[in-house]
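Asker: With the sequence up front, the predicted model follows.
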Amino acid sequence: MRLAQITLARTALVASALSLTLTGCSEVESQVEHTVVRPVKLIEVDGLTHSIKRSFPARIEANKQAELAFRLSGELITLPLLEGQEVKQGDVLAELDNRDAKNNLLLREADFELADADYRRKAELLKKTLISKAEFDTAKATLKSAKANLASAKDQLSYTQLVAPFSGVVAKRIIDNFQTVQAGQAILTLQRNDVVDVTIQVPESVVLEVDSKGKTVADYNPRVTFSTYPDYVYPVTFKEFSTQVSPGTQSYKAAFLLSQPKEFQVLPGMSAELSLDFSSTSSSLGSVVLPASAISVSDASGESRIWLFDDQTGTVKPSNVTLGEVRTHGIEVLSGIDQGDKVVAAGVQHLHDGMQVKPLKWERGV
């Protein structure tokens, strides 16, 4: 009997201790769960005001390109150039066999000298009235013809040399040396390399927006970047704008000039990205562009809203907003936001009014 009482007492003591332990855990867990504060990523409105930029895929084209050819037929005897070789304006790029041209020039020089001498003699004879005016006129016409033939022969000789019309680089050598070429047959392609063209296709909507303000794309601070060198941003100069729609699209071609960068060489055919800043002339001047993840729809009213963070209380509250146009980097917010506001950038579907949150801080390496 005594042993049974002791056993029951021990059992009650263990049960009581276990109950206290479980109760303590529940209170701690409940307290921990109650004090969990959700981290949120915030966006400073000051850094986003007037951020209205549009980016366009761009293509690099040669600013000046020419397929060079001889103006007469002949045998190619000199073509020392290699593809990629730089040349200066006036450099001799290739030569044809010029023996026939030289011989023809000597013949024309002889004809000219003979005609000139005959003209001078007949001019003296005419003064003495020893010949008729008709004979003198014939000598004069013969001299003019000989002079024209001589000039033509000099041109023919010069045509045996292919001279660089501008400084640039040999983009492609089309034929090899020692071949017989025809007049007008392309020998090589020469491209200007100190300046290149950056071309984009401008959508119809942008053209109408720009035209409505009496401006051109040159007024929107054009800048170009390259994916392989994203840290470099280069200003470009407006060159021309086509008013004829590109085939198969409702867009128009615009071209800009880019001076060859010092950091790397830009070649025709490369791809790039050109941005235009519409901030200063936007119809919604003073608007803010927020990422789409920062905007939600109220369940009660169906209005668009954002969530603002209060530094003093560490809580968030909703703010109904009016939205504008969809931009490259987000959506315009026209009202319901002020300078200095801190907006929750993501995860807004998990928030409620007065919810305790904390700004998300990124650690190095995360």
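Answerer: Sure, I can see it. Residues are numbered from 1 along each chain as shown.

Asker: Show me the helices in the stretch 151-300 of the chain, by range?
Answerer: Along the stretch 151-300 of the chain, the stretches classed as helices by DSSP state H, counting those that start in this stretch are 204-212.

Asker: where does it dip in pLDDT?
Answerer: For the stretch 151-300 of the chain, applying pLDDT under 70 flags the ranges 209, 211-214, 279-287.

Asker: for the record, mean pLDDT for stretch 65-83?
Answerer: Per-residue pLDDT values over stretch 65-83 give a mean of 94.

Asker: which outside residues touch that stretch?
Answerer: Applying Cβ atoms under 8 Å, 6 or more residues apart in numbering, the external contacts of stretch 65-83 come out as 87, 92-98, 100, 156, 159-160, 162, 164-166, 170-192, 268. Bear in mind the C-beta positions are built from the backbone N, C-alpha and C, glycine included.

Asker: now do stretch 341-355
Answerer: 38, 40-45, 290-291, 293-296, 306-309, 311, 315-318, 337, 357, 359.

Asker: That stretch: which residues count as buried?
Answerer: 341-345, 347-348, 351 (16 or more other Cβ atoms under 10 Å).

Asker: Likewise for stretch 267-279?
Answerer: For stretch 267-279, by 16+ other Cβ under 10 Å, it's 268, 270, 272-279.

Asker: just to revisit the earlier point, any of the contacts of stretch 341-355 buried? List them.
Answerer: 40, 42-43, 45, 290, 294-296, 306-309, 315-318, 337, 357.

Asker: what's near enough to touch Gln260?
Answerer: Going by Cβ under 8 Å, 6+ apart, the list of residues near Gln260 reads 193-196, 266.

Asker: actually Gln185, not the one I wrote
Answerer: Gln185 neighbours (Cβ under 8 Å, 6+ apart): 69-70, 175.

Asker: Give me the buried entries from those residues.
Answerer: 69-70.

Asker: So which of the contacts of Gln185 belong to strands?
Answerer: Ala69 (DSSP state E).

Asker: quick one: which of the contacts of Gln185 is nearest Val207?
Answerer: Ala69 (38.4 Å; Cβ to Cβ).

Asker: Looks to me like Ala141 is in a strand.
Answerer: No: counting by DSSP: H, G, I helix; E, B strand; the rest coil, Ala141 falls outside a strand, being helix.

Asker: Tell me how many other residues crowd it.
Answerer: 12 (other Cβ atoms under 10 Å).

Asker: Distance of it relative to Val92?
Answerer: 37 Å (Cβ to Cβ, to the nearest Å).

Asker: Ok, Lys144 next?
Answerer: 32 Å.

Asker: now do Val348
Answerer: As judged by Cβ to Cβ, Val348 and Val92 stand 70 Å apart.

Asker: and of the buried residues of stretch 341-355, the nearest to Gly330?
Answerer: Ala345 (10.1 Å).

Asker: Could you check the pLDDT of that closest one?
Answerer: So, for Ala345, pLDDT stands at 88.

Asker: Give me the phi and psi angles of it.
Answerer: Note on Ala345: backbone dihedrals following degrees, to the nearest 10 are phi -90, psi -20.

Asker: What of Leu130?
Answerer: According to degrees, to the nearest 10, Leu130 has phi -90, psi -10.

Asker: Who is Leu96 paired with across the strands?
Answerer: Leu76 (DSSP bridges).

Asker: what's the burial count for it?
Answerer: Leu96: 21 neighbours (other Cβ under 10 Å).

Asker: Tell me the spacing between it and Ala164.
Answerer: Leu96 is 16 Å from Ala164, by Cβ to Cβ.

Asker: Next, find the distance separating Gln312 from Ala139.
Answerer: Gln312 sits 109 Å away from Ala139, going by Cβ to Cβ.

Asker: ok, those two, which is more surrounded?
Answerer: Neighbours around Gln312 and Ala139, counted as other Cβ under 10 Å, are more numerous at Ala139. The numbers are 21 against 5.

Asker: quick one, what contacts the more buried one?
Answerer: 115, 118-119, 122-123.

Asker: Next step: these restricted to helices.
Answerer: Filtering the contacts of Ala139 for membership in helices, criterion DSSP state H, returns 115, 118-119, 122-123.
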